[in-house]
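Visitor: model this:
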Amino acid sequence: MAGDPVQRTALRAALCAVALLFSQLGTACARPPASPPAEMESGWIDKYLTPQQREQMRELARQSYAPEALSKLVERGWTEADHQQHLQRYGAFRESLARLVAAGADPAGPEAQAVAGQLAAMIERRSGGDPAIVAGMRKTWEGYNALPAAERPPQYAVSEAEREFLKQAMTVWHRHKPPDRQ
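Guide: Next up, the predicted model:
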């Protein structure tokens, strides 16, 4: 990673982008089997992940989060309604990101900075600003990328061009965000 602390922070935020989606499913799957909430018993997660992917995400969450951070996420819960709401936000984020990358937009431009702000808001919403949860998101993303390509749930794929664009946009965003958000 680059030596610049702002770039390191921005890269970590960019790496959390996809980790948001599957960490939510992974932590929803991570609840001890002896006490599944009603939402889990309905099998709603099976609409999004195969049983093998579900087990991979569960194991990835367990390996990626410190026990206290994972407990916090599991305690917060993640229902299908939460997931649907997140998918709407994440879908809009990904559409904007893909459009900007395809257009060769400037990562420092106003639209790119709006997308960077969306990403920061999604990370904040799920992490609650907890550094241990953010660290778990980052480790989840790293673990996801370490899986063989054929084993990665395809809905989470982010192209190299999108990752690079996010890294640049988040670097600018972190340099110019209000002091209360540092």
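
Visitor: Chain neighbours aside, what residue packs nearest to Ala69?
Guide: Once flanking residues are discounted, Ala69 sits nearest to Ala132: 3.9 Å by C-beta to C-beta, 6 or more residues apart in numbering. For glycine as for every other residue, the C-beta is placed from the backbone atoms N, C-alpha and C.

Visitor: list the contacts for that neighbour?
Guide: Going by C-beta atoms under 8 Å, 6 or more residues apart in numbering, Ala132 touches 65-66, 68-69.

Visitor: swap in Ile133?
Guide: Applying C-beta under 8 Å, 6+ apart, the residues contacting Ile133 are 65, 69, 72-73, 126-127.

Visitor: Repeat that for His176.
Guide: Here His176 is in contact with Gln113 (criterion: C-beta under 8 Å, 6+ apart).

Visitor: Can you name the next helix or strand after the lowest-mean-pLDDT helix or strand in the chain?
Guide: Sorted by mean pLDDT, DSSP states H and E, the helices and strands of the chain end with helix 38-41, the least confident at a mean of 40. Remark: after helix 38-41, the chain's next helix or strand is helix 51-64, criterion DSSP states H and E.

Visitor: May I see the buried residues of that following helix?
Guide: 53-54, 56-58, 60-61, 64 (16 or more other C-beta atoms under 10 Å).

Visitor: what helices or strands is it leaning on?
Guide: Applying 3 or more C-beta pairs under 8 Å, 6 or more residues apart in numbering; DSSP states H and E, we find helix 51-64 packed against helix 5-29, helix 67-76, helix 131-146.
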